[in-house]
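Q: predicted model and sequence below, questions to follow.
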Amino acid sequence: MASYKLFEHTADIGVEISAPALETAFAFAGEALFDLVTDKAQIEECEDRLIKVKSVDIEGLLVGFLSELLVLFEADSWVAGRFEVTLVDDKSMSVKCFGERYDPSRHGEGYHIKGVSYHMMEVQRATGDTPARIRVLFDI
Amino acid sequence: MAWEGPIDQIDEHRFQIPTSYQSRAMKERGVHMRVPGLIFSDANMLKAVIRDNSPDQVAHVATLPGIVGNSIAMPDIHHGYGFAIGGVAAFDAVEGVISPGGVGYDINCGVRLLRTDLSADNVRPRIEKLIHNLFSSIPTGVGSHGRMKLSIEQVEAVLENGSRWAVEQGYGWPEDIEVTEEQGCFAGANPSKVSHNAKRRGAPQLGTLGAGNHFIEVQEVAEIFDKTAAAAYGINHRGQVLVMVHTGSRGCGHQICTDSLEMMRRAASKFDLPIVDKELTSAPAQSDEAQDYFSAMKCGANFAWANRQLIVHWVRESFAQFFGDSAENLGMHQIYDVAHNIAKLEEHLVEGQMRRVYVHRKGATRSFGPGHADVPEKYREIGQPVLIPGDMGSSSYLLAGTAQSMRESFGSSCHGAGRALSRHAALKKIEKRRVLQDLHENGIYLRAKNKRLICEEAPGAYKNIDDVVSVADGSGIARQIVRLRPLGVIKG
C-alpha cells in the first residue's frame, strides 16, 4: 500500500499522508517526493546520508526537509527510498536518508518538482486516536 | 471552492473587485484591500476564473502595504501560491514590499523567439528528422544534466553576468544582447546573496530545457495581423519558420525562491507585516531582507537568460548542420526574449505622478509601449515584442506592447494560456492516443521525453490561448501582430 495519496491542484501535485506519528509522516513525505521524481521501488539502500534542518516552525521544517531532498537529487544525483526522521522539536530535525546514486535507466524519470509550497499545507501531530497528518503541494 | 465575493463589470474586458470585499482570512487579520482588484477577462472566461477562486488571491495581494494602482489579474489568471499566476502588482519603492511569491519559483521563466529565412514548405517534409536532431543536441527532462559541467566559480560568473557571460564564452551572437529584456544581464545581481545549494543545483543544469510546460518549438507564421509591425520584428510572410524556446532558471532559481521564503519567514516577526497568507510572505522594500532577495532574484534571472542563450546557440548549430548552411545565412536572428516571472524596479505614471515601484509579474509579461527607452531602438516605434507561448499543439503569439498597458497595467500583459485542468484530471480525462492523433492530423510532430506529459500538457488541459490573446488585444494592453503555429515540438 502506498504511504501517500495524491490530490488534485490546478497546476501542481499534492500529497496527503496519514501515519501513527509525525516523524513517520515526514518519512512518508520524503518517500512521496522520490516516488514522484523517479520510480521509488527501484531505489536500493546502498548508502546513507544524514541531513539536518532548522526552521521557524514545523511547516518550515517540512519545506526545508523536502527542499534538501531536491538538492540531493539535482545537485548530487542521489535518490533515497527510506528515511529515519528525528524531530528534535518544532524547529529542528535530523534525517538519515537511505539510497544510492541516481541512475535514470533504472530509476526512470517522473515529475519535475521545482519547489515545495506552503499553499494548503497541513502538518498535524497525532493526538489520541487521531493519526498524524501531512498535506503538501509540490510546484511542478 | 468558487469565488463568492463581488465582481463589478467595468466594460467588456475589465472587471473590478471592490475594496469593500473582505475574506474570512482578511477579517481574522483585521486587514482590508488597499486598492481594488482589476481583472482583464471577458464574460465567458470569467466563469472559469470564478470557479478557480483566483479573485480571492487578487484581493489578498491588494492588502499588502504600499501597493499602488490596482491588484491586477491578466486574462490567463489561475490559482497559484499567494499571488495568482497571471498576477501583476506594483509596490511603492519606499513604502511598499517585495515578495518572492509575486515572482514565483521559476525566476525568469520566459520565452525567446528566433526568426529564420526558411519556409514551412521546405521544413515540414523534414520536421521529424529536424526535431530528432534538436532533441539530441539539447538536454531535456527531469534531473537532466547539461552539456557543460560548471564549477561554483563559473556559476557565480553566470549569476552576475547572464547572457553576457554566455556570449563571451562563444554562445550566441553579441546582437542577441540588444534584443533581450534587461540586455540579458540584470545589473545589481550579487552572487554572494545566493546560497551554496542554489549554486549546486544550477551547476549541472545550465543549458537544459527542463520539463513540465517548457518546450522548444519549430513554428510557422500562420497569420499576420499587422504587416508593418511584423516586418519591423523580422517577419515577412505566412509560412515563415521561427523557433521558440520556453524555459527558465531551473533548479537554481527554484532554490533561490525557497531560500528567500525561509529568510523572510525568519524575519517576519521583525516587520510584523499584516500578511493574510504565508505564500504572500514579504519584507519592506527598503529592508536588508527585501534587497537581498531582489539581488538573489536578479542572479536567478541572469541564470535563466544564460540558459536560454546556450539553448538557442545549440538550436542555431543544429539548424546549420541540418540545412548545410550557417545560422547567419539562414537568417536566424533573435527577435526578442522576455521574462514572465520577475520583479523590476520601474518608473510609472500613477495618477499624474511618476512613481518608482517594484512591479511583480508572476505569469505576466512586460509589454512596454512605443517610445519607451527600454524598448530596443529598432522596435521603439512599434513597441516591445511580447512573446506568448501556447501550450503543446496550439498557437503561440507575438504581440506588441502598447501605451494603454503603460497606463493601466504597469506595462504588463498576459504570458500564455493558463491551466484549466489539474495534471491529475488531465491524465484521467485526456486520452494520449487522441492527443497524438490530433497532433498528427494537424501536421505537428512531437518528441516528448516523458510520455505522461502528452496528456498533462495537451491543449485540452489549458485555457484557450486565442481567447486569452483576444482579451489582451481587445482591452488594449497588447496588440496582436503575428499568430504562430507549431510544426514540431520538443518537451522534456
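A: Looks like it arrived, so ask away.

Q: buried ones in stretch B:170-186?
A: Neighbour counts over stretch B:170-186 (16 or more other Cβ atoms under 10 Å in any protein chain shown) mark B:171-173, B:176-177, B:179-186 as buried. All C-beta spots, glycine's among them, are computed from the backbone N, C-alpha and C.

Q: what do you get for stretch B:19-26?
A: For stretch B:19-26, the buried set under the neighbour-count rule, 16+ other Cβ under 10 Å, comprises B:19, B:21-23, B:26.

Q: among the residues you listed, which lie within helices?
A: Counted as lying in helices by DSSP state H, out of these, are residue B:26.

Q: I'd like the buried residues of stretch B:19-26 as TSV, with distance to residue B:68 and pLDDT appended.
A: Putting the buried residues of stretch B:19-26 into TSV (distance: Cβ to Cβ, whole Å; pLDDT from 0 to 100) gives the following:
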residue	distance to residue B:68	pLDDT
B:19	14	98
B:21	19	97
B:22	21	96
B:23	21	94
B:26	19	95
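
Q: between the buried residues of stretch B:19-26, which sits nearest residue B:146?
A: Using Cβ to Cβ, residue B:23 comes nearest to residue B:146 of these, at 43.9 Å.

Q: surely the closest one is in contact with residue B:3?
A: No - the pair residue B:23 and residue B:3 does not pass the contact test of Cβ atoms under 8 Å, sitting 10.0 Å apart.

Q: overlap in contacts, these two.
A: Counting by Cβ atoms under 8 Å, 6 or more residues apart in numbering or on different chains, the residues touching both residue B:23 and residue B:3 are residue B:56.

Q: gap between the two ends of stretch B:194-205?
A: Terminal residues of stretch B:194-205 lie 16 Å apart, using Cα to Cα, to the nearest Å.

Q: what two of the buried residues of stretch B:19-26 have the greatest distance between them?
A: With distance counted by Cβ to Cβ, no two of those lie farther apart than B:19 and B:23, which are 12.6 Å apart.

Q: ok, and the closest non-adjacent residue to residue B:95?
A: Using Cβ to Cβ, 6 or more residues apart in numbering or on different chains and skipping residues adjacent in sequence, the residue nearest residue B:95 is residue B:66, 4.0 Å away.

Q: make that residue A:124, sorry
A: The spatial neighbour of residue A:124 that comes closest, neighbours along the chain excluded (Cβ to Cβ, 6+ apart), is residue A:133 at 4.4 Å.

Q: is that neighbour in a bridge, and if so with what?
A: residue A:18, residue A:124 (DSSP bridges).

Q: mind checking how far it is from residue B:463?
A: Between residue A:133 and residue B:463 the distance, using Cβ to Cβ, to the nearest Å, works out to 33 Å.

Q: any idea which strand is longest in chain B?
A: For chain B, the strand with the greatest residue count under DSSP state E is strand B:478-491.

Q: any idea how far it is from the chain center?
A: On the basis of Cα atoms, centre = their mean, to the nearest Å, strand B:478-491 is displaced by 15 Å from the centre of the chain it belongs to.

Q: now do stretch B:231-246: distance from first to last residue.
A: Stretch B:231-246 has an end-to-end distance of 23 Å (Cα to Cα).

Q: and residue 113, what's its pLDDT?
A: In the absence of a named chain, chain A is used. Looking at residue A:113, its pLDDT is 88.

Q: nope, chain B
A: For residue B:113, the model assigns a pLDDT of 98.

Q: what's near enough to touch it?
A: Residues touching residue B:113, when contacts are defined by Cβ under 8 Å, 6+ apart, comprise B:242-245, B:334-337, B:385, B:387, B:398.

Q: same deal with residue B:366?
A: Applying Cβ under 8 Å, 6+ apart, one finds that residue B:366 lies in contact with B:181, B:338-339, B:344, B:384, B:386, B:401, B:411-413.

Q: do the same with residue B:148
A: Neighbouring residues of residue B:148 by Cβ under 8 Å, 6+ apart: B:206-207, B:310.

Q: for chain A, see how far away it is.
A: 15 Å (Cβ to the nearest Cβ, to the nearest Å).

Q: that residue sits in which helix or strand?
A: When secondary structure is defined by DSSP states H and E, residue B:148 falls outside every helix and strand.

Q: per-residue confidence for it?
A: Reading off the confidence values, residue B:148 has pLDDT 80.

Q: would you list the phi and psi of the closest residue to residue A:27 other than its chain neighbours?
A: In this structure, residue A:27 finds its nearest non-sequential neighbour in residue A:83, 4.1 Å apart by Cβ to Cβ, 6+ apart. Main-chain dihedrals, residue A:83, degrees, to the nearest 10: phi -140, psi 140.

Q: my guess is residue A:83 contacts residue A:95. True?
A: Yes - with contact defined as Cβ under 8 Å, residue A:83 and residue A:95 form a contacting pair (5.4 Å).

Q: overlap in contacts of these two?
A: Counting by Cβ under 8 Å, 6+ apart, the shared contacts of residue A:83 and residue A:95 are A:26-27, A:30.
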